[in-house]
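Engineer: got a structure for you, letters missing:
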């Protein structure tokens, strides 16, 4: 019975999106409620999934009762659990935030419809055990995100959306091309089967070519340098809740998760691929940090910071050591919490003051205490100040780098973390501390639902470090890093779990 | 174990509880904070008395036990002082919360044996410092930002340093680690951790946050953190590294000595020309670190003892100076030396406390500052027996720096307390504000005169495993007696002489009586120095912040930022070009 939980992660948001499109316009407030209830159910289901995973281990759902490799499979292992919790908890809080924030836009139900479609796509990518379905869900999520970036339909939004769509489509095509090559090579689309088939056939040039295609495709989705250029336009242009989703979870589920799954579980993470990933991870860390430091636009700064932080995630995972993978995945989880919070903060500031320019803000600490304090917590977390969650993952990544003997990578990571601290000090200094600027004296704190979700995320930032204690998190992180470390045993594990 | 964890836990909870008390119950907040601070002081005395304590990840030995005592002591004193001083500030509840947390976490940092616990406590202290600076309001925002970037940034370097230590030894408990610096790896580990200690204590080149903070932050915060607690912790960590964790090679020792000597002389030169007394004291807070680093850098027992003793003394007289400065600022609402003067008659208690502390910091016998400096000098001379020329530079810097310290304090005392008053309608501050400086001034005398039988015996010598050998003994009690007798005789001569014949008159210049606009302020004493030819250029550069590692780092970073910004031109085909280029490189790397 338990395996029937899996398709719900796609079915619930799809159904909610459909109902929204159907009824949202007619019944006022229905779309708010529908979206909040659906995402709450998903968040609860994802936490239940973690507890379930602890008892049963890997779960495989056969779509339509057809057993893989012939039928389509949905697979839940440790890594899936981690990603599901991350995506759905953030989605719930973002949905609560949107209730008040999206009031200033027209056609709110369309927004919710796209938002839920995007969520369905992300959950689908995470839960899919099949290469082609991974691609389909990836496209669902990506296309809804193109539309969401353009949601404001102003000049800037449309331009950003266009760039994002062109580059995103390029990446999707290359991913599809890679899948086509793999299909022609192995004659299967099921990931577990493909993994075993590839292991049987040994190394080949096709796999190398596919690796390049996937590195580019998923690298673009996760905004690694040099494929990052769409992100600083797209993420700030979207409405704040969507920026939080894009930077917080979309680039991770479509980019990082898919990359880990494809390289570690299916293709096999060769030292060459890992060293490429480490290099572009480190470059992303530096470039992202530098560009963020030079920014005055609050949301653009945060967008560059996402490039910087994804670099840490990739660097940690690409080390390939247990400690590195643990640190990388933990940083992925933490980053989604504090970066969503920061985007929500930036949204709150924009909502209250009408500007994104840090030079026009100042002294908002007195006027907007909840926003100021939660953003302080988030800034400290992302800058890696103890005891907030970012400190632990950053420390683990640096220690893992040193442990693996990559001193150069470690030094860059350390230097960039100083820059990270510097640009968040800049945010705090100019937005919240400092003199109250003229014209801001009548600024008020944001409405209740926005406050609630910011506070909830801030609590997660403070308590996040506790996840390192396996007893408290149900072994969430360890299970996820084990799933990555299992690597090519993925096939055997999945077929072992089919009942 | 329980004895150590309990105060730390209580400080966390009490601090959080203060945030819950509504702001209008100001007295409740203050009273509760004072009680907590006194409790923490009592707990630190208990820890001091019961040491050594070995617990799982905590560890109190001779070195950390007196650091704990100092933390508790200064915590209580500063909280008492804040009752009145902070009365004019709006957000006192956050202030007291962070003060209480700082006390608890500092104790944790001092007693932690586990690297991760140490890093956690250490890093969070940077955050509390940042928040405490920001209590001062919008004006302090820039200083807070700079401070936290330097202090918090150095924490990242420390993580890397400790990671290398862990790589070499596979050990997380400091008491089990002993690394010889014989490879570049272990040297880097030492250097990176030492940078953390330097940034906290304020040794060059990581000192630039201290003068800025001293100028902007509320005075109790400066007296508490940069002047006392950060010194205690920074120098504690350095001493811990040198004594227990690393076996230094001659190059590392020389490096420490050079950093110490440069810090002494450069910071005191900056202090000489300041017009704001808070900034002046801030530069002295840097300069004094030089003596500690120099003492520890000699590596011989007397040097380390001298460095630690100087650390204790410095925390005493420096917080005394900041607190007396706070009294002056509280009454006059200014910290500009040019507009102060003649306060000695109006605020006698403050004046005498400040005078004693100023004499101590300048190294005038029989006060405590002299004694510890004397120990550091001996250690440098002892080091000189090994040959080389570095020690000559160091001893010159140390002695000369001491002289310049005296010079700048003559200016400070004159400008604040002597000379002609601007307007003389104020009175002495209330008791919560003068008791702490008086206690500290009293300690300056006690630690100086009874150096052998009180501080050295109970605090310093237990921290070292070896016995102290003095080359030149300074019979502090006898000397004090002689000084007192000498002063007494002088007084007798004065009284016996015809002092009735002395004519008193108002001060005059060129036969003219001094009018208000001709008033001489102490700050003008040293304008000549600023004009001297080689120094002029250096001072000009210092004013442009050429020697500020923060500003230079910023310039360096922005050089790259401009390049990256230029590359991100927003043109879609360019971005697509990058993607293709990236793919080609990957293909080349993988297929080759």
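Structural biologist: Thanks, I have the structure now. Just so we're clear, the structure is a prediction, and the values are computed from it rather than from any experiment.

Engineer: secondary structure element for the nearest residue to residue A:119 once chain neighbours are set aside?
Structural biologist: Of all residues not flanking residue A:119 in the chain, residue A:13 sits nearest, at 4.4 Å (CB to CB, 6 or more residues apart in numbering or on different chains). Where C-beta positions appear, they are placed from N, C-alpha and C, glycine not excepted. Under the criterion of DSSP states H and E, residue A:13 resides in helix A:5-23.

Engineer: Which parts of the chain belong to which domain?
Structural biologist: The chain I'm using is chain A. What automatic domain parsing lists as the domains of chain A is A:1-268+A:480-499, A:272-468.

Engineer: should've been chain B
Structural biologist: B:249-495+B:516-543, B:549-591.

Engineer: what's near enough to touch residue 85?
Structural biologist: Using chain A. A:43, A:46, A:47, A:49, A:50, A:333, A:476 (CB atoms under 8 Å, 6 or more residues apart in numbering or on different chains).

Engineer: that's the wrong chain, I meant chain B
Structural biologist: So residue B:85 contacts B:218, B:219, B:220, B:326, B:330, B:433 (CB under 8 Å, 6+ apart).

Engineer: Name the SS class of it, please.
Structural biologist: helix (DSSP: H, G, I helix; E, B strand; the rest coil).

Engineer: how much space between it and chain A?
Structural biologist: 21 Å (CB to the nearest CB, to the nearest Å).

Engineer: Any stretches of the stretch 351-499 of chain A with poor pLDDT?
Structural biologist: Applying pLDDT under 70 to the stretch 351-499 of chain A flags residues A:474.

Engineer: Spell out which parts of it neighbour chain B.
Structural biologist: A:362-363, A:380, A:383-387, A:391, A:394-395, A:398-399, A:401-403, A:410-411, A:414, A:417-419, A:421-422, A:425-426, A:428-429, A:433-436 (CB under 8 Å from any CB of the partner chain).

Engineer: still on that earlier bit, put together JSON lines for the contacts of residue B:85, with pLDDT and secondary structure on each row.
Structural biologist: Below are the contacts of residue B:85 laid out as JSON lines (pLDDT from 0 to 100; DSSP: H, G, I helix; E, B strand; the rest coil):
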{"residue": "B:218", "pLDDT": "84", "secondary structure": "coil"}
{"residue": "B:219", "pLDDT": "83", "secondary structure": "helix"}
{"residue": "B:220", "pLDDT": "83", "secondary structure": "helix"}
{"residue": "B:326", "pLDDT": "85", "secondary structure": "helix"}
{"residue": "B:330", "pLDDT": "82", "secondary structure": "helix"}
{"residue": "B:433", "pLDDT": "83", "secondary structure": "helix"}
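
Engineer: quick one: which of those residues is nearest to chain A?
Structural biologist: Among these, residue B:218 lies closest to chain A (CB to the nearest CB), at 14.7 Å.

Engineer: Touching, that closest one and residue B:134? I think so.
Structural biologist: No: applying CB atoms under 8 Å as the test, residue B:218 and residue B:134 come out as separate, 10.1 Å apart.

Engineer: of these two, who's got more company?
Structural biologist: Using other CB atoms under 10 Å in any protein chain shown, the more surrounded residue of residue B:218 and residue B:134 is residue B:134, with 30 against 22.

Engineer: quick one: that one and residue B:144 touch, right?
Structural biologist: Yes: Residue B:134 is within contact range of residue B:144, at 4.8 Å (criterion: CB under 8 Å).

Engineer: any shared contact partners between these two?
Structural biologist: Counting by CB under 8 Å, 6+ apart, the residues touching both residue B:134 and residue B:144 are residue A:433.

Engineer: Could you give the number of residues near the closest residue to chain B within the stretch 51-200 of chain A?
Structural biologist: In the stretch 51-200 of chain A, the residue found nearest to chain B is residue A:163; the distance is 5.4 Å by CB to the nearest CB. Residue A:163 has 22 neighbouring residues, counting by other CB under 10 Å.

Engineer: swap in residue B:71?
Structural biologist: 31.

Engineer: Which residue is the nearest non-sequential neighbour of it?
Structural biologist: Leaving aside its sequence neighbours, residue B:71 sits nearest to residue B:106 (CB to CB, 6+ apart; 4.6 Å).

Engineer: quick revisit: dump the contacts of residue B:85 to TSV, plus distance to chain A.
Structural biologist: Formatted as TSV, these follow (distance: CB to the nearest CB, whole Å):
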residue	distance to chain A
B:218	15
B:219	19
B:220	20
B:326	23
B:330	24
B:433	28
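
Engineer: Give the PyMOL command for selecting the buried subset of the residues you listed.
Structural biologist: Selection of buried members from the contacts of residue B:85 for PyMOL, criterion 16 or more other CB atoms under 10 Å in any protein chain shown:
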select buried, chain B and resi 218+219+220+326+330+433
